[in-house]
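Participant: Can you look at this prediction? I've put the sequence above it.
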Amino acid sequence: MGLLDNFKKLFANEKLDVSLRFEILREAIAGTMSSFYMARERKTNKIYGLKLLDPEKTAQFEARFKGLNKPPEGKVAMAMKHPLIVETYEYGLTTKGEQYIVMEYVEGTGLSQLLYLKDPILKGNLLRLIREMAEAIDYVHKQGFIHRDVCPRNFIVAPSGKTLKLIDFGLTLPATPDFTQPGNRTGTPLYMAPEVVRRRPTDNRLDIFSFGVTAYQMLTFEHPWPIGDATGMAALSHDTDPPRPITTFRPRINPVLAEAVMLCINPRPEDRPETLEHWLRLVRRVVSEDDQNSG
């Protein structure tokens with residue numbers, strides 16, 4: 001699947017016949033607005049990830065940005081060229097009118113599942129994985145976008161447990177004034193920044209908040225706030241109740257790392273690190289020995 005083939009497909013508006021080109025091996029993930037499959041390309045026998053977007057749900061989401069020339073998810077994903085981000089090769093429309101995205105199939109397990117199981121593969125790898133998360137999100141920001149759905153579900157950890165990749169740009173928007181106005185209340189509630197749930201103006205620091213909640217959970221297997229439910233109501237406490245100190249669950253955590261994580265989940269965006277590049281500088285001297293998940 002070369003670049004020339006991609007250009008021909010895009011400019012000829014050729015529609016993809018999924019069953020003709022691919023053999024669906026299994027459905028890997030069913031999302032809120034899409035389905036994701038492990039698929040073998042019949043002509044080459046290569047394995048890809050194939051994402052099919054639900055037309056009705058996608059149209060409802062896109063309608064929020066009518067007249068703003070919002071880039072489609074596939075175009076955003078193709079702009080991301082980073083070793084810690086899933087690589088996207090092609091996007092377009094299927095013969096059934098669905099948006100599709102062809103990407104690399106990433107071997108591994110969702111971070112959300114590993115946290116749910118308290119999988120021992122994470123032990124000794126947490127600091128490395130948290131740093132990689134920060135690098136991936138920082139890259140997205142430097143490309144001029146806000147991911148808007150940073151959470152464990154959107155990271156795939158390699159079988160070795162030593163590296164991960166950021167996936168899913170379904171809610172990603174340009175970091176421009178048109179797209180950062182109040183009202184776009186999207187994301188995963190337990191990881192949602194207060195300015196999102198309160199419908200205030202946003203910027204890249206909403207991703208930094210979500211990253212902080214994710215890092216906190218990785219280091220403690222707990223959330224900064226007690227979980228009453230997993231709906232938008234849960235996120236309302238993110239600026240009304242103080243987060244539980246990370247030392248409540250990890251009393252022997254490196255204090256530099258503890259402070260850096262807690263900074264990210266400050267309810268006031270101006271009190272969070274300005275960028276994740278800055279956050280990475282804060283923790284650059286924290287060594288892996290402080291990563292042992294032993295309290």
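Facilitator: Now that the structure is in, tell me what you want to look at. Numbers count the residues shown, from 1 in each chain.

Participant: ok, residue 243 - contacts?
Facilitator: Contact analysis of residue 243 by Cβ atoms under 8 Å, 6 or more residues apart in numbering lists 216, 224-225, 262, 265. No exception for glycine: its C-beta is placed from N, CA and C like everyone else's.

Participant: Take those residues and keep only those in helices.
Facilitator: Among those, DSSP state H puts 216, 262 in helices.

Participant: Assign a three-state SS to residue 211, would you?
Facilitator: Recorded secondary structure, residue 211: helix (DSSP: H, G, I helix; E, B strand; the rest coil).

Participant: Do you know the pLDDT at it?
Facilitator: For residue 211, the pLDDT comes out at 98.

Participant: go on, residue 3?
Facilitator: Among the per-residue scores, residue 3 holds a pLDDT of 42.

Participant: Can you pick out the most distant pair from the contacts of residue 243?
Facilitator: 225 and 262 (12.8 Å; Cβ to Cβ).

Participant: Might you report the residue contacts of the closest residue to residue 85 other than its chain neighbours?
Facilitator: In space, and not counting its chain neighbours, residue 85 is closest to residue 166: 4.8 Å by Cβ to Cβ, 6 or more residues apart in numbering. Going by Cβ under 8 Å, 6+ apart, residue 166 touches 84-86, 133, 136-137, 140, 147, 154-155.

Participant: Report how many residues lie close to residue 18.
Facilitator: Neighbours of residue 18 under the rule other Cβ atoms under 10 Å: 18.

Participant: Ignore what I typed, I meant residue 226.
Facilitator: Using other Cβ under 10 Å: residue 226 sits among 10 other residues.

Participant: for the nearest residue to it once chain neighbours are set aside, phi and psi?
Facilitator: The shortest distance from residue 226 to any non-neighbouring residue, by Cβ to Cβ, 6+ apart, is to residue 244 (7.8 Å). Main-chain torsions, residue 244, degrees, to the nearest 10: phi -70, psi 130.

Participant: for residue 89, same thing?
Facilitator: Main-chain dihedrals, residue 89, degrees, to the nearest 10: phi -110, psi -30.

Participant: Looking at the contacts of residue 243, which one is closest to residue 182?
Facilitator: Distance to residue 182 across the contacts of residue 243 (Cβ to Cβ) is lowest for residue 265, with 21.0 Å.

Participant: Now for the residue lying closest to that closest one once chain neighbours are set aside, how many residues are close by?
Facilitator: For residue 265, ignoring the flanking residues on the chain, the nearest one in space by Cβ to Cβ, 6+ apart is residue 212 at 4.1 Å. Other residues near residue 212 number 27, with proximity taken as other Cβ under 10 Å.

Participant: Just list the residues touching residue 212, thanks.
Facilitator: 261-265, 272.

Participant: Now do the closest residue to residue 150 other than its chain neighbours: how many residues are near it, please.
Facilitator: Distance criterion Cβ to Cβ, 6+ apart; nearest residue to residue 150, sequence neighbours excluded, is residue 210 at 3.8 Å. Residues within reach of residue 210, counting by other Cβ under 10 Å, total 26.
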